[in-house]
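1. sequence and computational prediction follow.
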Amino acid sequence: MKLEIARGLFLVGALAVASLAMAAWEQPRTQVFSSFNEDASCPLPRIAKASVATQPDHDLLLFVFGLSQGLKP
């Protein structure tokens, strides 16, 4: 088999695999929730308010930094 034919077959195979991967790749689509499906999309009532205000965790950034430093050899 000639080198040009082998290159052509490899290119066709690579393009076929890439197109199959792109077709199989499942991305979330943008959807608009209608009022008909409101019960399924909103588990809490709209008037429900948080009883306790959430406080930011100031040590979270330090914790994440420590985790990233621990991964280095």
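-> Perfect, thanks for sending it. Residues are numbered from 1 along each chain as shown.

2. tell me the pLDDT of G8.
-> For G8, the pLDDT comes out at 95.

3. hmm, I typed the wrong one, I wanted D57.
-> D57 is assigned 78 on the pLDDT scale.

4. again, but for the one 5 residues further on
-> The predicted structure scores L62 at 84 on the pLDDT scale.

5. again, but for K72
-> For K72, pLDDT reads 65.

6. show me which helix runs longest in the chain.
-> Among the elements of type helix in the chain, defined by DSSP state H, the one spanning the most residues is helix 3-24.

7. how about exporting it as CSV, limited to the C-alpha atoms?
-> What follows is helix 3-24 as a C-alpha-only set of coordinates in CSV (Å, rounded to 0.1, in the frame of the first residue of the first chain):
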residue,chain,number,x,y,z
LEU,A,3,2.1,6.0,1.7
GLU,A,4,-0.4,8.4,0.2
ILE,A,5,-3.2,5.9,0.3
ALA,A,6,-2.4,5.1,3.9
ARG,A,7,-2.3,8.8,4.9
GLY,A,8,-5.7,9.3,3.1
LEU,A,9,-7.3,6.3,4.9
PHE,A,10,-5.9,7.5,8.2
LEU,A,11,-7.3,11.0,7.6
VAL,A,12,-10.7,9.6,6.7
GLY,A,13,-10.7,7.4,9.8
ALA,A,14,-9.6,10.3,12.1
LEU,A,15,-12.3,12.5,10.7
ALA,A,16,-14.9,9.8,11.1
VAL,A,17,-14.0,9.2,14.7
ALA,A,18,-14.0,13.0,15.4
SER,A,19,-17.4,13.4,13.8
LEU,A,20,-18.8,10.5,15.8
ALA,A,21,-17.4,11.9,19.0
MET,A,22,-18.9,15.3,18.2
ALA,A,23,-22.3,13.8,17.4
ALA,A,24,-22.2,11.8,20.7
